[in-house]
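Trainee: Fold the stuff below for me.
(one chain, ligands or ions: 2)
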Amino acid sequence: GNAILSSYGTTIFEVMSRLSEEHGAINLGQGFPDDRGPADVLEAASKALLEGWNQYPSMMGTPDLRQALAAHGKRFYGLDVDWKTEVMVTSGATEALTACLLGLINPGDEVVLFQPMYDSYLPIVRLAGGVPRFVSLKAPDWSFSRADLEAVFSPKTKLVLINDPLNPAAKVFSRAELELLAEFVQRFDAFAVCDEVYEHIVFDGRTHIPLMTLPGMRDRCLKIGSAGKTFSLTGWKVGYVTAAAHLLQPVAKAHQYITFTTAPNLQTAVAYGLGKEDAYFGGLASGLQGKRDRLAEGLRSVGFDVLPSAGTYFVVADVSPFGFDGDDEAFCRHLTAAAGVTAIPVGAFFVQDAPKTFIRFCFSKKDTILDEAVERLRRHF
Ligand code: PMP
Ligand code: GLN
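Mentor: Ligands and ions are numbered 1, 2, ... in the order given. Okay, here's the model as predicted:
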């Protein structure tokens with residue numbers, strides 16, 4: 001096979017989900033909600049499907065969704081977005097990321113990545129011929145410094161890839177951190193690909209700040225979102241990119257040869273969903289915040305050291321109190337088999353200097369499931 005891809009195994013999410021099934025475990029590993037998603041959005045999809053919206057839509061996305069995305073940018077972030085030239089619909093954020101990286105990177109270009117990072121980033125950077133430069137965020141607050149950026153940015157830097165809110169660390173970047181990053185992006189005349197799939201899942205009164213909204217950053221950022229996260233419909237794989245036309249054009253060149261387009265009935269339903277009332281978006285975050293508290297408290301009561309979670313639907317726990325004699329993946333395999341609860345090793349999000357005692361739990365599950373998971377852990381430890 002391809003020399004780069006053959007160096008990778010099967011993604012950790014697939015591996016742990018299959019292992020979880022084998023053992024009949026509660027799967028708090030792979031991130032996906034176990035509710036049905038908003039009924040009216042489902043209805044909008046089935047209506048569009050039955051009405052016959054089932055042929056190839058425009059490669060840039062259906063006009064209704066592109067207009068809804070422009071309106072969403074204005075409503076939540078005050079962004080002025082031209083729906084005709086500055087938004088593109090993709091088959092999930094995964095394709096948006098791939099199209100951005102393949103569309104923008106030339107061989108030899110340097111790409112700044114923050115560890116921990118989502119598992120699809122590095123393989124695609126490498127396929128594009130990019131040269132990765134890593135900033136390792138430091139637990140428990142996953143912070144970085146000016147010196148960290150000085151060490152990795154150079155005149156060869158083409159772009160930085162940032163995930164905010166950050167999976168798996170559940171960090172939300174502060175305005176000061178974003179300003180620091182923006183300063184470097186501008187100083188080195190680079191771009192930023194901003195994976196903001198958890199933009200509506202931030203807790204404790206925080207607001208999400210797109211890097212794109214900072215001074216001087218409007219035309220340097222490609223902002224990526226996902227209906228999978230915003231509507232708890234991860235299997236839909238409807239993603240989107242917002243960027244200045246001159247940045248979006250090369251990304252569209254990649255998109256047209258990757259998937260070209262995305263199911264039109266789902267796009268129409270997402271267009272409807274993005275127009276939902278404020279209570280929907282607020283309720284998504286507050287509902288998940290309650291689940292975060294429920295699981296975090298349960299994990300603490302069982303003996304885990306639980307790290308703060310400011311956003312996403314994940315919480316990281318330190319397993320060192322249990323004195324396990326192995327790495328985080330071994331711990332997760334053991335936990336699945338012996339306790340019947342599945343988590344994801346945080347080390348899988350690192351390529352170097354991986355921590356060995358952090359595991360990630362997904363709390364976007366019914367309260368009864370979260371309680372049962374904690375009960376199983378209590379029986380085990
Ligand atoms: N980026 C991050 C940080 C994610 O957690 C996910 C979700 N699984 C994705 C991208 C992919 O999103 P999608 O399912 O829309 O492709
Ligand atoms: N983003 C989800 C997670 O982090 C899963 C995505 C996937 O399975 N590829 O768990």
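
Trainee: And the strands in the stretch 1-150 of the chain?
Mentor: 26-27, 87-90, 110-115, 131-136 (DSSP state E, counting those that start in this stretch).

Trainee: actually the stretch 251-381 of the chain, not the one I typed
Mentor: Under DSSP E, counting those that start in this stretch, the stretch 251-381 of the chain gives strands at 305-306, 314-318, 341-342, 344-345, 358-362.

Trainee: Walk me through which strands the last one pairs with, and which way each runs.
Mentor: I take that to be strand 358-362. Here strand 358-362 is paired, per DSSP bridges, with strand 314-318 (antiparallel), strand 344-345 (antiparallel).

Trainee: To ligand 1, which of these lies closest?
Mentor: Checking the strands paired with strand 358-362 against ligand 1 by C-beta to the nearest ligand atom gives strand 314-318 as the closest, at 8.6 Å. (C-beta placed from N, C-alpha, C; glycine too.)

Trainee: Using PDB, write out every CA atom in that closest one.
Mentor: Extracted in PDB, the C-alpha atoms of strand 314-318 (Å, rounded to 0.1, in the frame of the first residue of the first chain):
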ATOM      1  CA  PHE A 314     -15.100  14.500  26.700                       C
ATOM      2  CA  VAL A 315     -13.400  14.400  30.100                       C
ATOM      3  CA  VAL A 316      -9.900  13.200  30.700                       C
ATOM      4  CA  ALA A 317      -9.000  11.200  33.800                       C
ATOM      5  CA  ASP A 318      -5.600  10.400  35.200                       C
END
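
Trainee: any residue of it up close to ligand 1?
Mentor: No: Strand 314-318 lies out of reach of ligand 1 by C-beta under 6 Å from any ligand atom, never closer than 8.6 Å.

Trainee: what's next to that strand, contact-wise?
Mentor: Residues from elsewhere that reach strand 314-318, judged by C-beta atoms under 8 Å, 6 or more residues apart in numbering: 31, 139, 167-170, 292, 295-296, 299, 304-307, 309, 343, 346, 357-363.

Trainee: State the helix or strand in which the residue nearest the centre of the chain lies.
Mentor: With distances taken as C-alpha atoms, centre = their mean, V197 lies nearest the centre of the chain, 4.7 Å away. In this structure, V197 sits in neither a helix nor a strand according to DSSP states H and E.
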